[in-house]
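A.B. asks: Please work out how this folds:
(chains A, B, C and D)
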Number of protein chains: 4
Amino acid sequence: MSAVRTPDPNPGWLSEAELAETRARVPMLYVEAVPVRVDALGQVTAVGMLLRVSANGLTRSLVSGRVHHGEAVRSALLRHVENDLGPTAMPQLPPSTVPFAVAEYFPWPGFSPLSDTRQHAVALAYVVPVAGDCQPRQDALELAWLSPEEAISVVDEMEGGRGTLVRQALASVGRLP
Amino acid sequence: MSAVRTPDPNPGWLSEAELAETRARVPMLYVEAVPVRVDALGQVTAVGMLLRVSANGLTRSLVSGRVHHGEAVRSALLRHVENDLGPTAMPQLPPSTVPFAVAEYFPWPGFSPLSDTRQHAVALAYVVPVAGDCQPRQDALELAWLSPEEAISVVDEMEGGRGTLVRQALASVGRLP
Amino acid sequence: MSAVRTPDPNPGWLSEAELAETRARVPMLYVEAVPVRVDALGQVTAVGMLLRVSANGLTRSLVSGRVHHGEAVRSALLRHVENDLGPTAMPQLPPSTVPFAVAEYFPWPGFSPLSDTRQHAVALAYVVPVAGDCQPRQDALELAWLSPEEAISVVDEMEGGRGTLVRQALASVGRLP
Amino acid sequence: MSAVRTPDPNPGWLSEAELAETRARVPMLYVEAVPVRVDALGQVTAVGMLLRVSANGLTRSLVSGRVHHGEAVRSALLRHVENDLGPTAMPQLPPSTVPFAVAEYFPWPGFSPLSDTRQHAVALAYVVPVAGDCQPRQDALELAWLSPEEAISVVDEMEGGRGTLVRQALASVGRLP
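C.D. replies: The predicted structure is shown next:
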């Protein structure tokens, strides 16, 4: 399992063997969140990017994780945001579950802009305003708040082509530089 | 001017004569907000509806008002929300200005589901979560928080066909009964 | 397998045993399409509803089917539309894969407005204009084109709460009566 | 009137004096279209850009124009697409009038990413698939079909910051390079 993605907090729900078997059979459903700071007008002022240790060294990543069997999309989104940003992040989940993008990750590089060596994953991606203090979990070294301009300047170094997703997120809120 | 719509807080910006002249020339740009309460998962739990005195008696209405010359859509939205719900409403304006619906009001009844006897108005309509205490202004008797089911049961009495807009708002957040 | 949903055209991709095992482990990713007729202005004039024989008798249904491992969402959408409406339907797939709704079906009735006794399924739902002649497959008796008003009058009889999804589709295109 | 924007086909509806007076009073409502070619899967393969003669020389532009008093947004969109791309363009107007972006142009440069020296304009922007032959009107020298990559490489030369809008359009359809 790549160190870039969030490990499932309940790995026992599926054994590694079951997970591997399932990944070979069907696309895996994920949620992804681009954490943002907003001003009183709702305008995005900063993008939160996690810095994690991966097999390729330090990499920027987003909040991301699997939707479990029997779990609502909203519940999975809140679970992963709280898991990655800590219990005092005060996320404002969107009233609608319609994502700003459906991100399709394929295990074959070059097949699409996004790739994930582990699996075929389809992620529902959301912009999530975060009002409180964020305390990234232990496998993340820090959460950096970057201006839209700064964020765009570093997204090309993200794994699996996720920089494209950050660009789409900023475009969806009218903040693409 | 109908008592149902919010009077412009700066009526001096355009005289009544200028406003009437302008209304005969071009569509007027409005913003509308459906105030909602949301739970920790972002799910809408209640819809805020204003009760106002109009020429036709008491009517339910939404937050609504004109976008001024030189004013950003976000600024107009915040201005009208604060004007109608008071300074402690703590609205969470959406990160994107893409509306859930473009509401077109024509002065000729029957021409479209929505009508406004005063003018041709085009409103950008948003769902706006409100976290604080709401104190409706003096021309509104009260702000009632209704469950989605209760809201749907009263929307047909709204003026100008605005009930359709409330249905669309609830559909956009997955809460249409 | 319920007769209401579209059987997978390549059932060999997963054996019944593998499919049952997988359904118990993860949410299954689906696409759903509400076929529509549009006029020159893009306005929806009619909704296409399939009439199928199910265990509960005749039921109305939408275009629906599973996204296969390694298959793009767009490809799955086109595959199921062509499978259900025939090769001369001339569907106009939307330029964006952002759905009008994320439909969450749970196997436990009452847990959510939508249910599917077979599985936990998450469907990306799209409105798909269809310009050509539709020839429903053999397990569907007919495809009926209904006006938005007529469609709303029959949606409550749809299985699994799918009527809610038709209402959301019509709301998203401004045609909810 | 800038040569970059489409002149109103019925200039008599408002005299130049009336138009100037109105522009000083209220934001003007516009529609803008990014014409695209799509493949059978709905995926955008090319972006149509008009080349026009403006006061600043040759410039790339989009389909754009004012919504008239009493005119529906859809009607204005079709009118301007047909006006700019000719009668055989066969545009597929979107089933929903919800735009991919609300583009706000202010007359003061630097106030926002988008500017229009003539006026405060608010444009509802749509991606419009075009299936037929396009014959640009006389004030446009040509319509060029560019790949998403080519389009992005020339958008910075567009007037009024409209390149940002093309980036947003491509992001909304998952084709931002």
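A.B. asks: Return the residues in contact with A:Val130.
C.D. replies: A:35-37, A:48, A:81, A:85, A:89-92 (C-beta atoms under 8 Å, 6 or more residues apart in numbering or on different chains). Just so you know, the C-beta spots here come from the backbone N, C-alpha and C atoms, and that holds for glycine as well.
A.B. asks: Out of those, which comes closest to chain C?
C.D. replies: Nearest to chain C among those: A:Val81, at 17.1 Å, using C-beta to the nearest C-beta.
A.B. asks: measure A:His80 to chain B for me?
C.D. replies: 13 Å (C-beta to the nearest C-beta, to the nearest Å).
A.B. asks: returning to that earlier point: could you dump the contacts of A:Val130 to a markdown table with neighbour count and pLDDT?
C.D. replies: Shown next, in a markdown table, are those (neighbours: other C-beta atoms under 10 Å in any protein chain shown; pLDDT from 0 to 100):
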| residue | neighbour count | pLDDT |
| --- | --- | --- |
| A:Pro35 | 24 | 98 |
| A:Val36 | 24 | 98 |
| A:Arg37 | 15 | 98 |
| A:Gly48 | 23 | 97 |
| A:Val81 | 23 | 96 |
| A:Leu85 | 26 | 95 |
| A:Ala89 | 22 | 95 |
| A:Met90 | 14 | 96 |
| A:Pro91 | 23 | 97 |
| A:Gln92 | 20 | 97 |
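A.B. asks: Most widely separated two among those residues?
C.D. replies: In terms of C-beta to C-beta, those reach their longest pairwise distance at A:Arg37 and A:Val81, which sit 14.1 Å apart.
A.B. asks: hang on, the earlier thing: out of the contacts of A:Val130, which is nearest to C:Arg137?
C.D. replies: A:Val81 (42.5 Å).
A.B. asks: Under a three-state scheme, what state does that closest one occupy?
C.D. replies: Following DSSP: H, G, I helix; E, B strand; the rest coil, A:Val81 is assigned to helix.
A.B. asks: where along chain A do the helices fall?
C.D. replies: A:16-23, A:73-85, A:148-154, A:162-172 (DSSP state H).
A.B. asks: measure stretch A:80-91 end to end?
C.D. replies: Start-to-end span of stretch A:80-91 (C-alpha to C-alpha, to the nearest Å) is 11 Å.
A.B. asks: A:Ala123: neighbouring residues, count only.
C.D. replies: 26 (other C-beta atoms under 10 Å in any protein chain shown).
A.B. asks: no no, A:Phe106
C.D. replies: 23.
A.B. asks: what do you get for A:Ala151?
C.D. replies: Neighbours of A:Ala151 (other C-beta under 10 Å): 26.
A.B. asks: Flag the shaky bits of chain A, pLDDT-wise.
C.D. replies: Per-residue confidence for chain A (pLDDT under 70) gives these ranges: A:1-12, A:138.
A.B. asks: make it 90
C.D. replies: The model of chain A has pLDDT under 90 over residues A:1-14, A:52-59, A:108-113, A:136-142, A:156-157, A:159, A:177.
A.B. asks: distance of A:Gly161 from chain D?
C.D. replies: From A:Gly161 to chain D the distance is 11 Å (C-beta to the nearest C-beta).
A.B. asks: got it, and A:Leu58?
C.D. replies: 25 Å.
A.B. asks: ok, now which ones touch that residue?
C.D. replies: If you count contacts by C-beta under 8 Å, 6+ apart, A:Leu58 has them with A:51-52, A:141.
A.B. asks: and those, which are buried?
C.D. replies: Neighbour counting with 16 or more other C-beta atoms under 10 Å in any protein chain shown marks A:Arg52 as buried within the contacts of A:Leu58.
A.B. asks: A:Ala131 - how many residues pack around it?
C.D. replies: Neighbours of A:Ala131 using other C-beta under 10 Å come to 13.
A.B. asks: What sits closest to it if chain neighbours are left out?
C.D. replies: Nearest residue to A:Ala131 in three dimensions, chain neighbours excluded: A:Met90, at 4.3 Å (C-beta to C-beta, 6 or more residues apart in numbering or on different chains).
A.B. asks: List the ones among the contacts of A:Leu58 that fall in strands.
C.D. replies: Among the contacts of A:Leu58, the members falling in strands (DSSP state E) are A:51-52, A:141.
A.B. asks: that older thread, would a markdown table of the contacts of A:Val130 with distance to B:Val73 be doable?
C.D. replies: Listed next are the contacts of A:Val130 as a markdown table, based on distance: C-beta to C-beta, whole Å:
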| residue | distance to B:Val73 |
| --- | --- |
| A:Pro35 | 24 |
| A:Val36 | 19 |
| A:Arg37 | 20 |
| A:Gly48 | 25 |
| A:Val81 | 28 |
| A:Leu85 | 30 |
| A:Ala89 | 28 |
| A:Met90 | 26 |
| A:Pro91 | 25 |
| A:Gln92 | 20 |
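A.B. asks: Kindly report the residues of chain A close to chain B.
C.D. replies: Neighbours of chain B within chain A, by C-beta under 8 Å from any C-beta of the partner chain: A:36, A:38, A:40-44, A:72, A:74-75, A:78, A:92-98, A:100, A:127, A:129, A:172-174.
A.B. asks: Could you list the residues of chain A in contact with chain C?
C.D. replies: A:14, A:18, A:22, A:24-29, A:66-73, A:97-102, A:104, A:106, A:112, A:120, A:122, A:124.
A.B. asks: Now, of the residues you listed, which are buried?
C.D. replies: A:14, A:22, A:25-29, A:66-69, A:71-73, A:97-102, A:104, A:106, A:120, A:122, A:124.
A.B. asks: quick one, what contacts A:Val47?
C.D. replies: A:34-36, A:145-148, A:151, A:166, A:169-170.
A.B. asks: measure it to chain D for me?
C.D. replies: 15 Å.
A.B. asks: Spell out, range by range, the strands that occur in chain A.
C.D. replies: Using DSSP E, strands in chain A cover A:28-38, A:44-54, A:57-61, A:63-66, A:101-105, A:121-129, A:140-146.
A.B. asks: can you give me the offset of the first one from its chain's centre?
C.D. replies: Okay, so that is strand A:28-38. Relative to its parent chain, strand A:28-38 has a centroid offset of 5 Å by C-alpha atoms, centre = their mean, to the nearest Å.
A.B. asks: Any residue of it touching chain D?
C.D. replies: No. Applying C-beta under 8 Å from any C-beta, one finds strand A:28-38 separated from chain D by no less than 12.9 Å.
A.B. asks: So which elements touch that strand?
C.D. replies: strand A:44-54, strand A:63-66, helix A:73-85, strand A:121-129, helix A:162-172 (3 or more C-beta pairs under 8 Å, 6 or more residues apart in numbering or on different chains; DSSP states H and E).
A.B. asks: and the angle from it to strand A:140-146?
C.D. replies: 50 degrees (axes from the mean of the first three to the mean of the last three C-alpha atoms, to 10 degrees).
A.B. asks: partners of strand A:28-38, with directions?
C.D. replies: According to DSSP bridges, strand A:28-38 forms sheet pairs with strand A:44-54 (antiparallel), strand A:63-66 (antiparallel), strand A:121-129 (parallel).
A.B. asks: Any buried residues in stretch A:146-158, and which?
C.D. replies: A:146, A:148, A:151-152, A:155, A:158.
A.B. asks: now, the most widely separated pair of those?
C.D. replies: A:Pro148 and A:Met158 (15.2 Å).
A.B. asks: how many other residues sit next to the closest residue to chain D within chain A?
C.D. replies: Nearest residue of chain A to chain D, counting by C-beta to the nearest C-beta: A:Ala171, 3.4 Å away. As a burial measure, A:Ala171 scores 24 neighbours (other C-beta under 10 Å).
A.B. asks: Could you find the closest non-adjacent residue to it?
C.D. replies: For A:Ala171, ignoring the flanking residues on the chain, the nearest one in space by C-beta to C-beta, 6+ apart is D:Ala171 at 3.4 Å.
A.B. asks: residue contacts, that neighbour?
C.D. replies: A:167-168, A:171-172, A:176.
A.B. asks: isn't A:Glu32 right up against A:Val166?
C.D. replies: No. A:Glu32 is beyond contact range of A:Val166, at 10.2 Å (criterion: C-beta atoms under 8 Å).
A.B. asks: Just give me the closest of the ones in strands among the contacts of A:Leu58 to D:Arg60.
C.D. replies: For the ones in strands among the contacts of A:Leu58, the nearest to D:Arg60 is A:Leu51 (39.0 Å; C-beta to C-beta).
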